[in-house]
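Peer 1: Coordinates for the following, if possible.
(2 chains)
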Amino acid sequence: MNESNTIDYLMLLADSSLIMGQRLSEWTGHGPMLEQDIAITNISLDTIGQARYFYQLAAARLNEKSGNADVTEDTLAYLRDAHQYKNLLLVELPNGDWGQTILKIFFYAHRQKLMYEKLSGSADAEIAGIASKALKEVEYHVSWSSDWVKRLGDGTQESHDRMTKALEYLWPYTGEMFVPATYEKNFLENEFSFDVLKQGWLDKVSGILTEATLSLPPADTYMHTGGKTGVHTEYLGYILAEMQFLQRAYPGCEW
Amino acid sequence: METHIRDITVEDIRKWLKEVVDPEIPVISIEDLGVLRDIRKEGETFIITITPTYSGCPAMDMITLNIHKKMRECGVPHFKVETQIAPPWTTDWMSEEGKRKLKEFGIAPPMGNRGSEDLINRHPPCPFCNSTNTVLVSAFGSTACKALFKCKDCAEPFDYFKCH
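Peer 2: Numbering: from 1, shown residues only, chains lettered A, B, ... in the order given. Here you go, the predicted model:
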């Protein structure tokens, strides 16, 4: 096993979780009702917590490799620029309206669940440990977002129209979840098949979308990729500018 | 009686740690919650192992800090707090005593065993009037580990500690 593949893969997991959580945290205080505001903030907290585990593990492995102790979860999160981030494009997209945010969580959580199920049995015991912990949390994200997708898709004419629009916007960003980057393929060789993962995800997601009276976009829809190798949309830079401002302006600042 | 350093045992540490509580649910100790996993002595150092409830739980840093405070207060000269995430924490590790205290505090304790719950079809007894005529308001409550319910008999909203 090539250690640099493992570290790159850890960064993919960490960056996707962090940016997902950072984006969702923008809803804090703006949810359509108090209980749902709290729900989305809790989901954000879960994914940021998961990101921390992956960053901590990546930092430990990087330090082990270099013999230094200068990498921490904070340097990884705060001191890398957009082209060094490996997160999925899906998670950096703007939240849009409530329906669009829900649909993003729905697509992402269903995929995380299937992936963490596989990773729980990883030969890398530390990654397996994080995955089995994260899996339990993600199960709640799956059921919460699935309930909302049904409620909004099969709700009023307006909620249905908004969900249709959100589906058209987000769908082209779902393909990337199932196209492995080279380091990812190398790390995961023999662990699981991306085709099986994709089929499992499609089965789940399409069943719920049908129940929500939403139709699945055509199978030959063009899919964007690039996030996993650092080629991002313009949105990521703005997220990092806000998230990293303090550490860039006042290096090492603590409070 | 004065406790001498050489006399401190794992059992003393366990006894002292009973006073370290969850900062968000201050009636339940970290042992009752299942967060305290192990206490052992390696040479002169006591190793205290804890496990987080949820990955993003902000109470964990506070719990670690409180363990440090308690150990210093009790004059434990050498100790280390280690966090372990596997096997993942489960509400199955919560003691019966812990569940009783939760209910007294106004939080419905987890019902049954681990595994994702069908919360919509759950009707935890209301911690105030014991009615099971209760309904889910939100799958996420005041903290990640709780869901919000409402009692349809006494009209009180309450937190339910989710099975995890």
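Peer 1: Identify the single longest helix in the chain, thanks.
Peer 2: Chain wasn't specified; assuming chain A. Taking DSSP state H as the criterion, chain A has its longest helix at helix A:34-66.
Peer 1: I was thinking of chain B, sorry if that wasn't clear
Peer 2: Longest helix in chain B by number of residues (criterion: DSSP H): helix B:59-73.
Peer 1: thinking again about what came up before, show me which positions of the longest helix of chain A end up buried.
Peer 2: If you call a residue buried by 16 or more other CB atoms under 10 Å in any protein chain shown, then helix A:34-66 has these buried ones: A:35-62. Using the backbone N, CA and C atoms, a C-beta is placed for each residue, glycine as well.
Peer 1: That helix to helix B:59-73, inter-axis angle?
Peer 2: Orientation of helix A:34-66 against helix B:59-73 (axes from the mean of the first three to the mean of the last three CA atoms, to 10 degrees) gives an angle of 70 degrees.
Peer 1: In chain B, mark out all the helices, start to finish.
Peer 2: Counting by DSSP H, chain B forms helices over residues B:10-17, B:30-33, B:59-73, B:96-105, given from the N-terminal end onward.
Peer 1: quick one, what contacts the residue most central in space within chain B?
Peer 2: The centroid of chain B falls nearest to B:Leu33 when counting by CA atoms, centre = their mean (2.6 Å). The contact partners of B:Leu33, taken as CB atoms under 8 Å, 6 or more residues apart in numbering or on different chains, are B:Asp22, B:Ile25, B:Thr53, B:Trp93, B:Met94, B:Gly98.
Peer 1: try A:Trp255
Peer 2: When contacts are counted by CB under 8 Å, 6+ apart, A:Trp255 touches no other residue.
Peer 1: Make sure A:Glu126 is actually in contact with A:Gln56.
Peer 2: No - with contact taken as CB atoms under 8 Å, A:Glu126 and A:Gln56 are classed as non-touching, separated by 9.7 Å.
Peer 1: care to break chain B down by domain?
Peer 2: Per the record's domain assignment (automatic domain parsing), chain B is made up of the domains B:5-89, B:96-161.
Peer 1: Pipe those into CSV and attach mean pLDDT per row.
Peer 2: Compiled in CSV, the domains of chain B are given as follows (pLDDT from 0 to 100):
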stretch, mean pLDDT
domain B:5-89, 93
domain B:96-161, 90
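Peer 1: And those domains: which comes nearest A:Asp8?
Peer 2: Judged by CB to CB, the one of the domains of chain B that comes nearest to A:Asp8 is domain B:5-89, at 21.7 Å.
Peer 1: next one: the closest one to chain centre, how far?
Peer 2: Between the mean C-alpha location of domain B:5-89 and the chain-wide mean there is a distance of 11 Å, by CA atoms, centre = their mean, to the nearest Å.
Peer 1: how about the residue of the stretch 51-200 of chain A found nearest chain B, what does it touch?
Peer 2: At 3.1 Å from chain B, A:Gly129 is the closest residue in the stretch 51-200 of chain A, using CB to the nearest CB. Taking CB under 8 Å, 6+ apart as the contact definition, A:Gly129 lies against B:Ile85, B:Ala86, B:Pro87, B:Pro88.
Peer 1: one step back: who wins for proximity to A:Leu197 among the domains of chain B?
Peer 2: Using CB to CB as the measure, domain B:96-161 is the one of the domains of chain B that comes nearest A:Leu197, at 19.7 Å.
Peer 1: end-to-end on the closest one?
Peer 2: Separation of the first and last residues of domain B:96-161 by CA to CA, to the nearest Å is 14 Å.
Peer 1: How far does that domain sit from its chain's centre?
Peer 2: For domain B:96-161, the distance from its own C-alpha centre to the chain's C-alpha centre is 16 Å (CA atoms, centre = their mean).
Peer 1: ok, now stretch A:115-123?
Peer 2: Per CA atoms, centre = their mean, the displacement of stretch A:115-123 from the mean C-alpha position of its chain is 16 Å.
Peer 1: still on that earlier bit, need the winner for burial among the helices of chain B.
Peer 2: Each of those was given a mean neighbour count from mean count of other CB atoms under 10 Å in any protein chain shown, and the largest, a mean of 23, is that of helix B:30-33.
Peer 1: Send me that one as CSV with only the CA atoms.
Peer 2: Once non-C-alpha atoms are left out, helix B:30-33 reads as follows in CSV (Å, rounded to 0.1, in the frame of the first residue of the first chain):
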residue,chain,number,x,y,z
ILE,B,30,-19.3,10.0,32.2
GLU,B,31,-19.3,6.4,33.5
ASP,B,32,-23.1,6.2,33.5
LEU,B,33,-23.1,7.6,30.0
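Peer 1: correct me, but A:Trp27 touches A:Ile40?
Peer 2: Yes - A:Trp27 is in contact with A:Ile40 according to CB under 8 Å; the separation is 4.7 Å.
Peer 1: what residues are shared contacts of the two?
Peer 2: Common neighbours of A:Trp27 and A:Ile40, counting by CB under 8 Å, 6+ apart, are A:Thr101.
Peer 1: Just put the contacts of B:Leu33 in JSON lines and tack on distance to chain A.
Peer 2: Supplementary listing: the contacts of B:Leu33 in JSON lines, determined by distance: CB to the nearest CB, whole Å:
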{"residue": "B:Asp22", "distance to chain A": "16"}
{"residue": "B:Ile25", "distance to chain A": "16"}
{"residue": "B:Thr53", "distance to chain A": "10"}
{"residue": "B:Trp93", "distance to chain A": "13"}
{"residue": "B:Met94", "distance to chain A": "15"}
{"residue": "B:Gly98", "distance to chain A": "19"}
